[in-house]
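Novice: I would like to see how this sequence folds:
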Amino acid sequence: MYELLIYKALHIGFMVSWFAGIFYLPRIFVYHADNKSADVDAIFKVMERRLLYFVTPFALLTAVFGTLLIVSYGSAWFAASHWLHLKLLLVGLLYVYHAYCFKLLADFKHNRNKRSSRFYRFFNEAPVLLLFAIILLAIIKPGF
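Specialist: Numbers count the residues shown, from 1 in each chain. So this is what the prediction gives:
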């Protein structure tokens, strides 16, 4: 039982750390897309790369400790927890979002960005919506 609480605490801690970065990175993209200065462009490229590579281990550790939680609860619990299946689908979308950030990072790195700051403002909101849905599912655990 004690190990379950450790897994849960680490899962939540790494998730919060991951989200701090996943909320901030697209905000940097917003400012980068509006930028016209070559000097500032170079600074944005460094900031974006360092942030994405800094938070990626948190994303992986979130998955590791989430998986350990599921394994600890057992296969019967997992099969009966339909809310968790939906949560995992939404979490999967977050990992797709995170992976897409690498593509956007490469576009900025190679001066191929064609998207406006307005796009990045909307892009910045997607993980917020997913996070609220995931938290609601995890707390309410609706019976489907």
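Novice: Extract the residue ranges of the protein that are flagged as low pLDDT.
Specialist: Regions of the chain meeting the criterion pLDDT under 70 are absent.
Novice: Skip the chain neighbours and tell me the closest residue to A138.
Specialist: In space, A138 comes closest to K87 once its chain neighbours are excluded; the distance is 6.2 Å by CB to CB, 6 or more residues apart in numbering. From N, CA and C alone the C-beta is placed, and that goes for glycine too.
Novice: Pull out the buried positions in whichever strand or helix holds the one you found.
Specialist: For K87, the element it lies in under DSSP states H and E is helix 82-109. For helix 82-109, burial by neighbour count (16 or more other CB atoms under 10 Å) applies to 83-84, 87-88, 91, 94, 98, 101, 104-105, 108.
Novice: following that helix, which helix or strand shows up next?
Specialist: Past helix 82-109, the next helix or strand by DSSP H and E is helix 117-140.
Novice: Could you pick out the longest helix of this structure?
Specialist: Secondary structure assigned by DSSP state H gives helix 38-73 as the longest helix of the chain.
Novice: Which strands and helices lie in contact with that one?
Specialist: Contact analysis of helix 38-73 by 3 or more CB pairs under 8 Å, 6 or more residues apart in numbering; DSSP states H and E lists helix 2-34, helix 82-109 as its packing neighbours.
Novice: quick one, which of those helices is nearest to F58?
Specialist: F58 sits nearest to helix 2-34 of all the helices and strands packed on helix 38-73, at 3.9 Å, using CB to CB.
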